[in-house]
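> pasted the sequence and its predicted model underneath.
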Amino acid sequence: MKIVAQALVALIASGASLLHLTAMAQPVEGTLPKQALEQCNQGRLANDRDTRLAHFQLGQRLGEQAVAADEGSADAHFALFCNLGELLRLDGESLTSVFGLRRMMYELDRAIDINPAHIEALSAKGTLLVRLPSILGGDMEKGEQLLQYVIEHAPKAINARLALARVWCQRGQHNEAMGLASDALVLAQRHQQSEFIPEAQTLLQQARANAMKVKHPRS
């Protein structure tokens, strides 16, 4: 189940990277989906497992309430997906991972069914499709298409750029990967999303080094 946990690391970040929510000590006011997403974000920022768990469990309850109150709300399903995914990532090695993944995927797919232009959900789905093996529902071609759509329609989509840069770097499209990683790094620095800076720097260095090897192969 390790591959499920690894995929979830990128998956959850992909949606949350577009939200740019501010952590708050007190519960936020507003709609249930917004509150559920805020709990997901606070949990991601927490340092210890117990605090993270408490945020995600509260976020799940709020997300379930949001879905019950308005089943036709894409934001409600996406908020529930976010917390379910983080809860699954906390225990990603367990035998329940695949079953948890199915429930999480249902909420993500439902959000997209309701709103086919839901950028956060599309970013998460695209990242998942390029990271998971086909046996668990991965689809490289479709995933790339979704990530490219997100990049075109969401100028601040950092993780979508990183996810696509990883794919292109693995395929040998190093110059293209360099461009995406460089853009992601600039965006992360500009919008003070420091959690993405190390990965963007690593990807940029990797793509640049690989491009140099292709350009100047050893004799």
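That came through, no problem. As the structure is a prediction and not an experimental result, all values here were calculated from the model.
> can you find the helix or strand of the protein with the lowest average pLDDT?
Across the helices and strands of the chain, mean confidence by mean pLDDT, DSSP states H and E is lowest for helix 2-16: a mean of 50.
> next, the buried residues of the helix or strand just after that one.
Sequence-wise, the next helix or strand downstream of helix 2-16 (DSSP states H and E) is helix 32-45. Using 16 or more other C-beta atoms under 10 Å as the test for burial, helix 32-45 gives 32-44. (Each C-beta comes from the backbone N, C-alpha and C, glycine too.)
> for stretch 47-63, same thing?
R52, L53, H55, F56, L58, G59, Q60, L62, G63.
> which ones among these are found in helices?
In helices, defined here by DSSP state H, the members of these are R52, L53, H55, F56, L58, G59, Q60, L62, G63.
> will you turn those into JSON lines that also has pLDDT and distance to N175?
Shown next, in JSON lines, are those (pLDDT from 0 to 100; distance: C-beta to C-beta, whole Å):
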{"residue": "R52", "pLDDT": "94", "distance to N175": "38"}
{"residue": "L53", "pLDDT": "95", "distance to N175": "43"}
{"residue": "H55", "pLDDT": "97", "distance to N175": "41"}
{"residue": "F56", "pLDDT": "96", "distance to N175": "39"}
{"residue": "L58", "pLDDT": "97", "distance to N175": "45"}
{"residue": "G59", "pLDDT": "97", "distance to N175": "40"}
{"residue": "Q60", "pLDDT": "97", "distance to N175": "42"}
{"residue": "L62", "pLDDT": "97", "distance to N175": "44"}
{"residue": "G63", "pLDDT": "97", "distance to N175": "41"}
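> closest to C169 among those?
Taking C-beta to C-beta as the measure, R52 is the one of these closest to C169, at 30.4 Å.
> let me see the contact set for the closest one.
By C-beta atoms under 8 Å, 6 or more residues apart in numbering, R52 lies in contact with G43, R44, A46, E86, L90.
> run the last query once more with 10 Å
For R52, the contact set (C-beta atoms under 10 Å, 6 or more residues apart in numbering) comprises Q42, G43, R44, L45, A46, E86, L87, R89, L90.
> from the buried residues of helix 32-45, which is closest to N210?
Nearest member of the buried residues of helix 32-45 to N210, counting by C-beta to C-beta, is R44, at 30.6 Å.
> which single one of the ones in helices among the buried residues of stretch 47-63 is nearest to A207?
For those, the nearest to A207 is R52 (32.0 Å; C-beta to C-beta).
> and the gap between that closest one and N41?
Distance, R52 to N41, by C-beta to C-beta, to the nearest Å: 11 Å.
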